[in-house]
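Here is a sequence with its predicted model. Questions after.
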Amino acid sequence: LVTTQNSYADGGPGYRDFVTIVYTVQNNSGVRVNGLYLGVFADFNLDSLGFDICGSDTARNFIYITDSSGNGPIAGIRVLEPVNGVFLSAIDPQIYYLPESSFSDAQKWYFLSGQVQLSQSPRADNWAVCASAGPFNLEPFDICRFAIAFVGGRDLEQAMVNADSASSWFRRNVGA
């Protein structure tokens with residue numbers, strides 16, 4: 001498998017609060033590859049005390065973290081492509097990576113493949129998030145794409161507007 005990554009940013013009005021990243025994976029082997037999942041993990045620390053909360057909007061394929069008051073700012077990930085087969089999850093630090101930083105490869109697989117999904121945090125803590133998609137099945141020399149936008153906003157309403165702008169920008173400039 002050969003993976004390429006392209007990043008895009010636009011300084012124009014309405015497009016300054018996100019960065020788009022497109023991963024393209026090509027199967028350069030002579031055999032079919034089945035069950036491939038693509039994704040990103042992120043730990044946005046927005047609360048100075050390390051007590052973030054997490055939420056999601058599954059209609060937008062958007063997962064985000066905000067400060068413990070829930071009043072912003074917001075940082076999150078919107079999956080732009082594909083639009084189906086998307087998994088979003090908050091990652092509970094008390095279960096998965098604190099205090100020993102013990103987030104194992106097997107646990108990462110559970111998040112990437114959607115076996116573990118938590119749409120919002122039940123309490124304030126040092127949350128991380130995972131946004132992924134799959135499974136992809138690639139014939140020899142086929143490609144698949146996974147595109148995301150890292151999105152920010154001063155509050156949830158603005159973050160949703162920026163997530164929608166990221167989707168619109170992606171469709172117009174990178175295409176599906």
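Yes, it's here.

Which secondary structure element of this protein has the lowest mean pLDDT?
helix 93-96 (a mean of 84; mean pLDDT, DSSP states H and E).

Restrict that one to CA atoms and write it as CSV.
The C-alpha trace of helix 93-96 is given here as CSV (Å, rounded to 0.1, in the frame of the first residue of the first chain):
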residue,chain,number,x,y,z
PRO,A,93,-8.6,8.8,29.1
GLN,A,94,-9.4,6.9,32.3
ILE,A,95,-9.9,3.7,30.3
TYR,A,96,-7.6,3.9,27.3
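
List the buried residues of the lengthiest helix in the chain.
In the chain, assigned by DSSP state H, the helix with the most residues is helix 156-173. Residues 156, 158, 159, 160, 162, 163, 165, 166, 167, 169, 170 are the ones in helix 156-173 that count as buried (16 or more other CB atoms under 10 Å). C-beta: built from backbone N, CA, C; applies to glycine.

what's the nearest residue to the fifth one if we skip its chain neighbours?
Distances taken as CB to CB, 6 or more residues apart in numbering place residue 17 nearest to residue 162, at 4.2 Å, with adjacent residues excluded.

The third one too?
Closest residue to residue 159 apart from its sequence neighbours, by CB to CB, 6+ apart: residue 153 at 3.0 Å.

separation between the one you found and residue 169?
15 Å (CB to CB, to the nearest Å).

Show me where this protein dips below the pLDDT cut-off.
48, 98-101, 176 (pLDDT under 70).
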